Structure formats: structure tokens, C-alpha cells
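Asker: Sharing a model that was predicted from the sequence below.
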Amino acid sequence: MRGPLPKDPALRQRTNKVATAATLRVQDRPRRTPALPARSEGQDWQHLTRVWWRSVWRSPMASEYLDADIKGRLYRLAALVDQFWCKPSVLLDAQICRNEAALGLSPMDRRRLQWTVEKAEQESRKRRQPDRSDAGVTDMRDLLKVLSS
């Protein structure tokens, strides 16, 4: 007696599909960087905050952000980053890390969200093209030379 036959896969209730899985592409032309909001105190944003803001928007993750993410979380995160560069603290750093985790801004966070970053076709073509100095070499061992001691 072998037991009952397995269920038809179409009838299974649990398919273990992940709603957050996505393949992110490195764009040749990055998404337009939204402007940082005006500061209420009349102060300007710290230079390192502006650098961080541009790097977020040049990253492949920017394609996943909705308008609600920008206004709801990224603006507040920028304010935290700006405070951190004015007066660094462990508490601010922890808050920044938690917010960046939710936005997939570190490799482990992207793995948790099951986001994979796919290189642009141009990048993969660059890797496939042989070096011009190696033109005509069919076996890499032909490049090796014996050195006398």
C-alpha cells in the first residue's frame, strides 16, 4: 500500500509565490531624481545628504518606488540622513538602517525582498568581448610563458 495519489498542482492552495519578487534592471538612463523637499527652517540640505539622495535615485531599486514611497518614507529618511550628517548618533543610524531595509537599499534587504539586479545588456556585452590583445589566441595556455630562474 503506497497511500493516496498526490494532488493535482492546480488544486494546491499553497504555492509559495512571493509577491515582492522582482528583477531590477540597471538602466542606461537613470530615473529622474525628484527634488528634495524645501526645508522648513530655511537651511540647505547637507552635501552628503544630497549625494545619498542622488545615489538612491540612480540605483535599480528606484524603479520599484511609488509616489507614496517617495512622499511617505524617502522624504522622512532624507531628513534623518541629514540630521545624522549634522550630528551623528547611534540612534539615528539605527533608524536610517531600518528605513533603508524597508526600501531594499542593501544587498541583504534586496535578498529578503527577493529582488535581483540584472545588469544591462550593454554591460554583459562588454564582458563577452575578448580583449584585443588576446585576438587570435584560441587556447589561454598559449599566453603562458616559462620564466627562467
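Answerer: Received it, and whenever you're ready, just let me know what you need. Just so it is clear, the structure is predicted and the values come from calculations on it, not from any experiment. Numbering: from 1, shown residues only.
Asker: In a helix, A10, correct?
Answerer: Yes - counting by DSSP: H, G, I helix; E, B strand; the rest coil, A10 is part of a helix.
Asker: How many residues are close by it?
Answerer: 6 (other Cβ atoms under 10 Å). Every C-beta, even on glycine, is put in place using the N, C-alpha and C of the backbone.
Asker: Tell me how far it lies from S55.
Answerer: The gap separating A10 from S55 is 45 Å, by Cβ to Cβ, to the nearest Å.
Asker: Then T116?
Answerer: From T116 over to S55 (counting by Cβ to Cβ), the distance is 20 Å.
Asker: what does D44 give?
Answerer: D44 sits 19 Å away from S55, going by Cβ to Cβ.
Asker: and what of L144?
Answerer: Distance of L144 to S55, computed by Cβ to Cβ: 42 Å.
Asker: any low-confidence regions in this protein?
Answerer: Scanning the chain for pLDDT under 70 picks out 1, 15-20, 27-31, 120-138, 140, 143, 148-149.
Asker: Which parts of it are strands?
Answerer: Taking DSSP state E to define them, one finds strands in the chain at 22-25, 115-118.
Asker: Near F84, how many other residues are there?
Answerer: F84: 19 surrounding residues under other Cβ under 10 Å.
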